[in-house]
Each structure stands twice: as structure tokens, then as C-alpha cells.
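Trainee: mind folding the following:
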Amino acid sequence: MAKNKTTETATSVLDFINTFVEDEVKRNDSFELIKIMQEVTGFEPKMWGPSIIGFGSYHYKYASGHEGDSTLAGFSPRKAAFSLYVSLSPENRETLLPQFGKHKPSKGCIYFNKLRDINIEVLKKMVALSVENLNKLYPSK
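Mentor: Model (predicted):
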């Protein structure tokens with residue numbers, strides 16, 4: 001069975017941002033995203049893999065037997081755009097994405113360039129729903 005590449009690490013979130021996020025706007029937006037997501041989730045930010053900042057965690061196990069841990073919600077301040085990692089039901093995606101602001105959706109994440117391009121209240125709702133959705137799908141024991 002393949003080992004997960006994206007696991008929680010002991011790397012400092014602040015060191016990561018200050019070292020690897022060169023663009024000042026993106027760096028400041030990263031710190032603001034941390035405040036927002038920490039407030040909504042109630043979890044401290046942790047590094048997942050080399051570049052994902054995650055909040056909370058859950059353990060999953062698929063019918064195939066593959067299992068692992070992942071973050072309840074997170075983001076990565078990539079050079080081209082932010083990658084937002086949230087788990088939404090198809091209905092919530094359909095309702096919330098049109099209200100989210102300037103973004104590019106993909107199957108695994110949602111890309112956006114700057115916080116000023118998106119609706120922060122919709123972001124908060126998406127993060128809260130992600131935590132709720134994943135806790136229902138994979139309740140802790």
C-alpha cells in the first residue's frame with residue numbers, strides 16, 4: 001500500500017511563510033487566512049507536507065483498505081495562486097462557488113489569487129462546512 005505524501009509535519013508555519021512566500025501581498029494574505037481559518041475551525045495551523053497549512057485533522061479509511069490522516073481544511077500559498085482545500089458536498093459547491101468571488105475550481109481544490117478577490121464570509125462558510133462534512137463522514141472514535 002502506498003504511503004501518503006502529505007502528512008502533518010513539525011515545520012513551523014510562520015517560518016514556512018516567512019521563508020518561502022516571497023510576494024508581500026501573498027505573505028500578508030497568508031497570515032490573514034491563518035487568522036480566519038483558525039477562528040472558524042478552532043484549530044492551530046499545522047504544516048502538512050512541504051507547503052500546505054492545515055487546520056484540524058481526521059482519519060479516513062476507504063473500502064479499498066487505504067487509510068490515512070488529512071486536514072479538515074487548509075490552504076497553500078503557491079507562487080501562481082492560493083490553493084484552498086475544503087471538502088464540500090456537491091450542493092454546497094454549487095451554491096457557494098458562484099458567491100465566492102474570482103476563483104478557478106478544480107476537483108481537489110479551489111484556486112484564487114488574492115484575498116481581496118474573494119468573499120470572506122463565503123470563505124468562512126466553506127471552511128465551517130468542510131469541518132462539519134468531514135467530521136460526519138469520518139467521526140473520531
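
Trainee: show me where pLDDT drops low in the protein?
Mentor: Within the chain, the set of residues satisfying pLDDT under 70 comprises 1-4, 141.

Trainee: which residues of it fall in helices?
Mentor: If you assign secondary structure with DSSP state H, the helices in the chain sit at 13-20, 24-41, 90-100, 120-137.

Trainee: tell me what angle the first one forms with helix 24-41.
Mentor: In this case it means helix 13-20. With axes from the mean of the first three to the mean of the last three C-alpha atoms, to 10 degrees defining the directions, helix 13-20 sits at 160 degrees from helix 24-41.

Trainee: beta-bridge partners for the spatially most central residue of the chain, please?
Mentor: A centroid search over the chain (C-alpha atoms, centre = their mean) returns G74, at 1.7 Å, as the residue closest to the centre. For G74, the beta-bridge partners under DSSP bridges are G54, Y85.

Trainee: one step back: between the helices of the chain, which one is closest to I52.
Mentor: Between I52 and the helices of the chain, the tightest spacing by C-beta to C-beta is seen for helix 13-20, at 9.8 Å. C-beta: built from backbone N, CA, C; applies to glycine.

Trainee: quick one: list the elements packing against that closest one.
Mentor: Secondary structure elements in contact with helix 13-20, counted by 3 or more C-beta pairs under 8 Å, 6 or more residues apart in numbering; DSSP states H and E, are helix 24-41, strand 45-48, strand 52-61.

Trainee: cheers, nothing more for now.
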